[in-house]
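# Test case, fold it:
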Amino acid sequence: MEHLFWPSFKNLHCPPHHPSFHVEPACLPARPLIDCSMLGEHFLGRIIAIANQKGGVGKTTTTVNLGASLAVAEQRTLIVDCDPQANSTGGLGFPRDPARRTLYHGLVLEEAPGRLITKTQVENLDLLPSGKDLAGAPIELVNMDGREFRLGKLLSSVRQSYDFTLLDCPPALDLLTLNALAACDSVLIPIQCEYFALEGVSELLDTLMRIRKSLNSNLAIEGILLTMFDERTTLSRQVSSDLRSFFGGQVFRTVIPRNVRLAEAPSHGKPIIFYDIHSKGAESYLQLAKELITNAKARTREGFERTDSGA
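Residues are numbered from 1 along each chain as shown. Sure, this is the predicted structure:
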């Protein structure tokens, strides 16, 4: 894992509502894990929806662990939990609390995001939480004006405060997912390395094309992320090969492996880099964050070049 990331653990923040949070000694790196001098630019306001209509592909795992990895690379990051199951909220160490203000209060009751966003255990990482009340939001939004654009409106006042905003979408094409796809700049698509995942790719891309035509003309694909990869199996290798041959550079170079420690981390309310920094899962998400930042840097440079050339 040399030269991947440097979380100097000064970036660890323990708010009052997390008195029990601590970093396992085995999680502490012996030396910096990434040289952040190459990643010095900030990419203000990029919103990325992490979405797939199929469940169990690693959307929440990716949201929580990518968000934490970006944060320790000193990228100001906001996670928005758009799923009523609130797994991202729990995975960041927040127990269920009926009194907590959630995304529901922003979408339906139009409360300001400043009243909803809370700091997490990690410096540079904030959370707009979810709760079971969010399950009623799609029904209540149906008769509201601009129902598909409520999330975009909510985030408009805070998007410039963050380099990256990650939207954890539910595994359904309901009004919550539509709001996320209408609000985001791009979609990161986790795909499990199994046969049925391949069958769902074309359906998902068709959905994104329809969203682009009707709700968000600027919607782009951030990348396809291969998850639960097991290099020992022919199936995983074949799925990876097929996706890369068809989608080319749209598939992230980073692959997320099947990893027991990665599966254990949510039960402790910690991102994997604070649960077991030496695990393959931690290494992969740190590498994914680096790849995402590098892509954003290249995209920013291309934008400046187009502007300078008058294109």
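# so who does the closest residue to Ala183 other than its chain neighbours touch?
If the residues on either side of it in the chain are set aside, Ala183 comes closest to Gly152, at 3.6 Å by Cβ to Cβ, 6 or more residues apart in numbering. No exception for glycine: its C-beta is placed from N, CA and C like everyone else's. Gly152 makes contacts with 179, 182-183, as judged by Cβ atoms under 8 Å, 6 or more residues apart in numbering.
# same question, Arg101
Arg101 neighbours (Cβ under 8 Å, 6+ apart): 111, 115-116, 129.
# and if we set it to 10 Å?
Applying Cβ atoms under 10 Å, 6 or more residues apart in numbering to Arg101 gives the contacts 109, 111, 115-118, 128-129, 131, 133.
# Mind telling me what element Gly152 is part of?
helix 150-155 (DSSP states H and E).
# Could you tell me which strands the next helix or strand along the chain from that helix is paired with, and in which direction each runs?
Per DSSP H and E, the first helix or strand lying C-terminal to helix 150-155 is strand 164-168. Sheet pairing of strand 164-168 (DSSP bridges) gives strand 46-50 (parallel), strand 77-81 (parallel).
# now the angle between strand 46-50 and the next helix or strand after the first one, please.
This points to strand 46-50. Next along the chain after strand 46-50, taking DSSP H and E as the criterion, comes helix 59-72. If you take axes from the mean of the first three to the mean of the last three Cα atoms, to 10 degrees, helix 59-72 sits at 150 degrees to strand 46-50.
# thinking again about what came up before, output the helix holding Gly152 in PDB with nothing but the alpha carbons.
The C-alpha coordinates for helix 150-155 follow below in PDB (Å, rounded to 0.1, in the frame of the first residue of the first chain):
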ATOM      1  CA  ARG A 150     -36.200  18.800  -4.600                       C
ATOM      2  CA  LEU A 151     -32.800  17.300  -3.700                       C
ATOM      3  CA  GLY A 152     -30.900  19.500  -6.200                       C
ATOM      4  CA  LYS A 153     -32.600  22.600  -4.800                       C
ATOM      5  CA  LEU A 154     -31.700  21.400  -1.200                       C
ATOM      6  CA  LEU A 155     -28.100  20.900  -2.100                       C
END
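# and it, how far out from the chain's middle?
The chain centre lies 17 Å from the centre of helix 150-155; the measure is Cα atoms, centre = their mean, to the nearest Å.
# buried set for that helix?
Residues 150-152, 154-155 are the ones in helix 150-155 that count as buried (16 or more other Cβ atoms under 10 Å).
# In terms of helices and strands, where is Arg212?
Using DSSP H and E, Arg212 falls in helix 195-214.
# Quick one: mean pLDDT for stretch 137-147?
Stretch 137-147 shows a mean pLDDT of 94.
# residues of it that come out buried?
Going by 16+ other Cβ under 10 Å, stretch 137-147 has these buried residues: 137-138, 141, 147.
# Flag the shaky bits of the stretch 101-250 of the chain, pLDDT-wise.
198 (pLDDT under 70).
# Longest strand in this protein, please.
In the chain, taking DSSP state E as the definition, the longest strand is strand 220-229.
# and the angle for it with helix 59-72?
110 degrees.
# Quick one: list the elements packing against strand 220-229.
Counting contacts by 3 or more Cβ pairs under 10 Å, 6 or more residues apart in numbering; DSSP states H and E, strand 220-229 packs against strand 46-50, helix 59-72, strand 186-192, helix 195-214, helix 234-247, strand 251-257, helix 260-264, helix 280-309.
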